[in-house]
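Trainee: Give me coordinates for this.
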Amino acid sequence: MIPIILAIISLWTTPVNAASIPINLVLCGEVPPEILDFLKDGLKKELAAEVTQVGQVPMHPCAYNLSRRQYQAEAFLPLLLPFKPGSKGLVLGVTTADLYVPDLNFVFGLADSRQKCAIISLARLQPEFYGHPGNLRLFRERALKEAVHEVGHLLGLGHCPKPACVMFFSNSLADTDRKGPGFCPECRRGLEK
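Mentor: Numbers count the residues shown, from 1 in each chain. Got it, this is the predicted structure:
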């Protein structure tokens, strides 16, 4: 029984080979450098891709909704397009701003698979957001899961029904904490196609 479990775990943790696809990271506002370094290393490990930090864009003042005290996520995507590395490359924005889309209270991230750009928000991934003590390890894990999730969308994957797969839709922080940073076998096969 244990060899079968180990085989399943190794399938979910083996990096996807996206080495031919460059991923550019762009800061949207101020982002702690240690989190950015962790994301770069984590994305390289999970996707076997070349990940580079390439720039920073200011917070989009027109995207701020004063009554919600949040930024509209979609407004950031056009700002990321100039940083896209060629026609096959991907760009991932990272912000500490709290993001939303219409009809949802918040989003951890948003991807435009057609334009190959996405953004993740670190705001609600921090335990401090909910009045809990800081936990850097947990914060980093959550950030990496959401980054891999959005890059998965950019690589053509939809949401997965398996709660442990990184492509499972996180409707709450509990969903993010439950899933792993890797792709389930079905999603991995989808990426290899």
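
Trainee: hey, which helix or strand in this protein has the poorest pLDDT?
Mentor: helix 2-13 (a mean of 36; mean pLDDT, DSSP states H and E).

Trainee: after that helix, next one along is what?
Mentor: Following helix 2-13 in sequence order, the next helix or strand is strand 23-28 (DSSP states H and E).

Trainee: Could you name the helices and strands sitting against the next helix or strand along the chain from that next one?
Mentor: Using DSSP H and E, the helix or strand that directly follows strand 23-28 along the chain is helix 33-47. The contact analysis (3 or more CB pairs under 8 Å, 6 or more residues apart in numbering; DSSP states H and E) places helix 33-47 against strand 23-28, strand 51-57, strand 90-95, helix 136-154. All C-beta spots, glycine's among them, are computed from the backbone N, C-alpha and C.

Trainee: The same query, at a cut-off of 6 Å, please.
Mentor: Applying 3 or more CB pairs under 6 Å, 6 or more residues apart in numbering; DSSP states H and E, one finds that helix 33-47 makes contact with strand 51-57, helix 136-154.

Trainee: what is the orientation angle of the last one with strand 23-28?
Mentor: Here helix 136-154 runs at an angle of 120 degrees relative to strand 23-28 (axes from the mean of the first three to the mean of the last three CA atoms, to 10 degrees).

Trainee: average pLDDT for helix 136-154?
Mentor: Mean pLDDT, helix 136-154: 96.

Trainee: what sits against the most centrally placed residue in the chain?
Mentor: Central residue of the chain (CA atoms, centre = their mean): residue 147, 1.7 Å from the mean position. Listed by CB atoms under 6 Å, 6 or more residues apart in numbering, the contact partners of residue 147 are 39, 43, 120.

Trainee: Tell me who's in contact with the second one.
Mentor: If a contact means CB under 6 Å, 6+ apart, then residue 43 has 51, 147 as its contacts.
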